[in-house]
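**Student:** next one to model:
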Amino acid sequence: MSGLWVFVCGPSGAGKDSVMAWAARQLAARQDIVFARRIVTRVAHPGSDHDEVTAEQFARLNDDDGLAWHWQAHGFQYGIEARYAALVAAGGIVVVNGSRAHASSLATGPQVRVVQVTTDAGRLAARLQQRGRDAPHEVSHRLARNAHFKDLHADLTIFNHGELADAGRQLVDYLVGEIRPSTQR
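**Tutor:** Got it, this is the predicted structure:
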């Protein structure tokens with residue numbers, strides 16, 4: 001029996017990280033559904049959803065087949081360690097915090113699903129400005145970049161425009177109710 005990789009992606013400001021964190025808390029007791037921790041060539045801060053590695057460490061992991069998945073986004077290298085592939089091979093579900101560029105290059109099939117978290121353009125702009133990490137021209141660039149992904153194929157699109165629990169519940173229901181039965185056939 002083979003499991004699934006579920007790549008969750010979305011534009012900056014859509015609340016993808018918050019939706020995934022909410023779902024992960026709800027599913028914490030499930031050993032068959034795991035939210036992968038990424039490795040990234042970016043400095044990790046308290047509360048970061050990734051482990052920091054140098055570019056050299058990343059290259060070594062990649063060269064030694066230590067990564068099941070890897071991609072580049074915003075000038076950084078992102079990877080998912082190969083150890084997660086064992087859970088998928090055993091029939092489990094591994095949820096990956098991914099990028100839209102990487103997700104658009106994936107061949108969806110029996111082992112790969114894409115979930116997109118999004119919201120309207122006004123909320124995206126407001127959230128990006130509120131978090132204060134980007135200069136105004138960077139916010140404009142991030143918003144303009146969304147046009148490149150308007151036709152992204154997603155097995156599920158979650159509109160995160162209300163209560164976080166509403167969006168989080170959609171992801172939980174998808175992982176438990178829609179995907180799980182198909183992997184048991």
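
**Student:** what does stretch 110-124 contact?
**Tutor:** 2-16, 19, 88, 100, 103, 106, 108, 127, 143, 146, 152-161, 167, 171, 174, 179 (CB atoms under 8 Å, 6 or more residues apart in numbering). C-betas here are computed from N, CA, C, even on glycine.

**Student:** of the residues you listed, which belong to strands?
**Tutor:** Leu4, Trp5, Val6, Phe7, Val8, Cys9, Leu156, Thr157, Ile158, Phe159 (DSSP state E).

**Student:** out of the contacts of stretch 110-124, which are buried?
**Tutor:** 3-16, 19, 88, 100, 103, 106, 127, 143, 146, 152, 154, 156, 158, 160, 167, 171, 174, 179 (16 or more other CB atoms under 10 Å).

**Student:** can you tell me which of the ones in strands among the contacts of stretch 110-124 is nearest Ile93?
**Tutor:** Taking CB to CB as the measure, Ile93 sits nearest to Leu4 out of the ones in strands among the contacts of stretch 110-124, at 4.9 Å.

**Student:** any chance you could map the helices in this protein?
**Tutor:** Taking DSSP state H, the helices of the chain run over residues 16-26, 55-63, 83-89, 100-105, 121-131, 136-145, 164-173, 180-183.

**Student:** in JSON lines: the ones you listed, plus distance to Val114.
**Tutor:** Written out in JSON lines, the entries for those read as follows (distance: least, CB to CB, whole Å):
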{"stretch": "helix 16-26", "distance to Val114": "12"}
{"stretch": "helix 55-63", "distance to Val114": "23"}
{"stretch": "helix 83-89", "distance to Val114": "15"}
{"stretch": "helix 100-105", "distance to Val114": "5"}
{"stretch": "helix 121-131", "distance to Val114": "19"}
{"stretch": "helix 136-145", "distance to Val114": "18"}
{"stretch": "helix 164-173", "distance to Val114": "12"}
{"stretch": "helix 180-183", "distance to Val114": "15"}
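
**Student:** find the centremost residue of this structure, please.
**Tutor:** With distances taken as CA atoms, centre = their mean, Asn97 lies nearest the centre of the chain, 1.9 Å away.

**Student:** confidence score at Gly47?
**Tutor:** Among the per-residue scores, Gly47 shows a pLDDT of 68.

**Student:** and what of the one 4 residues further on?
**Tutor:** In the predicted model, Asp51 carries a pLDDT score of 84.

**Student:** for Ala36, see how far away it is.
**Tutor:** 11 Å (CB to CB, to the nearest Å).

**Student:** who does Gln116 bridge with?
**Tutor:** Applying DSSP bridges to Gln116 gives these bridge partners: Cys9, Thr157.
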